[in-house]
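[1] have a look at this prediction, sequence included:
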Amino acid sequence: MSSPIERSYNEAKELYAKHGIDVDQALRKLEKVKISIHCWQGDDVRGFLNREQELTGGISVTGNYPGAARTPDELRADLEKALSLIPGKHKVNLHAIYADTDERVELDALEPRHYAKWVEWAKEQGLGLDFNPTCFSHEKSADGFTLSHPDPAIRQFWIGHCKASRKIGAYFGEQLGQTCVTNVWIPDGFKDTPFDRLAPRKRLKEALDEVFAEELNPAHNLDAVESKLFGLGAEAYTVGSHEFYMGYGLQHNKLICLDAGHFHPTEVISNKLSALSLFAEGILLHVSRPVRWDSDHVVTLDDELLDIGRELVRGDLLAKTHIGLDFFDASINRVAAWVIGTRNTIKALLRAMLEPSAALRQAELEGDYTTRLALSEEMKTYPFGAVWDYYCERQGVPVREGWLGEVKVYEQEVLLKRGG
Ligand SMILES: C[C@H](O)[C@H](O)[C@@H](O)C(=O)CO
Ligand SMILES: [Mn+2]
């Protein structure tokens, strides 16, 4: 006797099949997509290397919801809880400051051994790991510059940290058999109008050439560079603008990272994917939700997220796009934030896989924009939810809001006992 969810799924399958959509095949494709889940949502981007250090770099976490992770073990426990509520097998994205070590070690002296416990855990959990040098929240980034700093000594420190980070990324890739994406983002910029926009960019270009000089096995580590339009304290100018990193990434075959909050408020990254895909080695996404500014809100299933899903699926870009998340909300349960944001991102991909792409493409080619619009609009009320529910049930995770009760229990039994 099939379950109500299976019955609804079978009815939905029949409906989609009328448009030539093979739903089972879509789910097999979806199951292969790994989302890179960012560790820093779990503790408000504080890390463990220097917990007294305040968060800098022009980014900000608001809210004071209790129960933030305070140790690597607590963070791994919270990630495990979130992952148990998310369908599929994914990756966890670490920042350098999340080293699991009792040593007092400087950023430019970090080594793979400082992350051995993370690798051991990832192996147990069947996860991949991604990585990021942490070029903020440090005394040597206090004046707002790192790789583009005019002081050669400070520049060398950050170059050393980024070089060390790439080696750690390659260690992750080699140990886990899943390529690690090591993404460089720096906060460098000016609060007010600069006199010289060019010199910092020349310094950054030369610094990155040093950072990337060592050839690493691309099966183990892929480098990414992340642009940004502005930050708190860098409102007037950022050294690593989109034009800079698009140029650098294309010239040096680096992944180009598009963060949804890093462009003008009228720009969306979904609109950039198809063009960039024709020239870039690969794309890294930081799926986020800017509200008024690069606020890093938890992603909701909004039009932009749905459009990102559509662009990736319609353009067959999933193989060259690494889908990372980047939001940090301390006003809600942090495990719930991971679950909501990751499930929504996967939903957006599934929605895109359940559209009559051949019919829509044909209608457009024939100039039949009536059918294109009518069919696109009608598909919005096809029983996508029945397919999503079945996928969750088949993947062994709670269906619909069933996961929320588990997070609330975890909150009572674990998070609230941490205090703070
Ligand atoms: C913590 C991340 O490195 C950071 O959010 C970066 O990716 C970014 O988007 C800064 O605005
Ligand atoms: Mn980002």
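    Perfect, thanks for sending it. Ligands and ions are numbered 1, 2, ... in the order given.
[2] let me see the mean pLDDT of the strand or helix carrying Glu377.
    Secondary structure assignment for Glu377, by DSSP states H and E: helix 369-379. In this model, helix 369-379 has a mean pLDDT of 98.
[3] list the buried residues for that helix?
    If you call a residue buried by 16 or more other C-beta atoms under 10 Å, then helix 369-379 has these buried ones: Arg372, Leu375, Met379. (Each C-beta comes from the backbone N, C-alpha and C, glycine too.)
[4] closest one of those to Pro72?
    Met379 (44.4 Å; C-beta to C-beta).
[5] and the gap between the nearest residue to that closest one once chain neighbours are set aside and ligand 1?
    Spatially, and ignoring its direct neighbours in sequence, Met379 is nearest to Glu355 (5.4 Å; C-beta to C-beta, 6 or more residues apart in numbering). Counting by C-beta to the nearest ligand atom, to the nearest Å, the separation of Glu355 from ligand 1 is 30 Å.
[6] give me the pLDDT for the residue with the shortest distance to the centre of the chain.
    Computing the C-alpha centroid of the chain and ranking residues by C-alpha atoms, centre = their mean puts Gly324 first, at 1.9 Å. Model confidence at Gly324, expressed as pLDDT, equals 98.
[7] doesn't it fall inside a strand?
    Yes: following the definition DSSP: H, G, I helix; E, B strand; the rest coil, Gly324 is counted among the residues of a strand.
[8] use 33 as the first number for this chain going forward.
    New numbering, starting at 33: the last item is Gly356.
[9] give me the phi and psi for the residue nearest to it when sequence neighbours are not counted.
    What sits nearest to Gly356 in space, not counting adjacent residues and going by C-beta to C-beta, 6+ apart, is Ser68, at 4.0 Å. Backbone torsions for Ser68, taken as degrees, to the nearest 10, come to phi -90, psi 110.
[10] could I get the average pLDDT for stretch 250-259?
    Predicted confidence along stretch 250-259 averages 98 (mean pLDDT).
[11] show me where the chain has its strands.
    Remark: strands of the chain, listed N- to C-terminal, are 67-70, 123-127, 160-164, 212-216, 221-222, 253-258, 269-270, 287-291, 315-319, 321-323, 325-329, 353-357; assignment by DSSP state E.
[12] distance to Ile37 for these - can I get that in TSV?
    Conversion of the strands of the chain to TSV gives the following (distance: least, C-beta to C-beta, whole Å):
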stretch	distance to Ile37
strand 67-70	23
strand 123-127	28
strand 160-164	29
strand 212-216	35
strand 221-222	50
strand 253-258	38
strand 269-270	48
strand 287-291	36
strand 315-319	27
strand 321-323	29
strand 325-329	31
strand 353-357	26
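[13] returning to what we had before: what is the residue nearest to Gly356 paired to in the beta sheet?
    Bridge pairing for Ser68 (DSSP bridges) gives the partners Lys123, Gly356.
[14] how much space between Thr225 and ligand 2?
    To ligand 2, Thr225 is 25 Å away according to C-beta to the ion, to the nearest Å.
[15] for Cys71, same thing?
    Look at Cys71 and ligand 2: by C-beta to the ion, they are 13 Å apart.
[16] residues near the residue nearest to Met411, how many?
    The local packing count at Glu387 equals 23, with neighbours defined by other C-beta atoms under 10 Å.
[17] go on, Lys352?
    Neighbouring residues of Lys352 were enumerated by other C-beta under 10 Å; the total is 16.
[18] ok, now Lys121?
    For Lys121, the neighbour count with other C-beta under 10 Å is 17.
[19] that one touches Lys66, doesn't it?
    Yes: taking contact to mean C-beta atoms under 8 Å, the distance of 6.7 Å between Lys121 and Lys66 places them in contact.
[20] which residue, neighbours along the chain excluded, lies closest to Cys289?
    Nearest to Cys289 is Glu258, by C-beta to C-beta, 6+ apart, at 3.7 Å.
[21] same thing with Glu443?
    Nearest one to Glu443, counting by C-beta to C-beta, 6+ apart, is Asn365 at 5.7 Å.
[22] and if you look at Phe311?
    In this structure, Phe311 finds its nearest non-sequential neighbour in Leu282, 5.5 Å apart by C-beta to C-beta, 6+ apart.
[23] number of residues surrounding the one you found?
    There are 14 residues near Leu282, going by other C-beta under 10 Å.
[24] distance of Glu425 from Val419?
    Going from Glu425 to Val419 by C-beta to C-beta, to the nearest Å gives 11 Å.
[25] show me which residues of the protein are close to ligand 1?
    The chain has residues Trp72, Val77, Ile91, His127, Asn164, Trp217, Glu258, Lys260, Asp291, His318, Asp326, Asp358 near ligand 1, with proximity defined as C-beta under 6 Å from any ligand atom.
[26] pretty sure the last one sits against Asp291.
    Yes: with contacts defined as C-beta under 8 Å, Asp358 counts as touching Asp291 at a distance of 6.0 Å.
[27] find residues that contact each of those two.
    Overlap between the contact sets of Asp358 and Asp291, as judged by C-beta atoms under 8 Å, 6 or more residues apart in numbering, is given by His318, Ser320.
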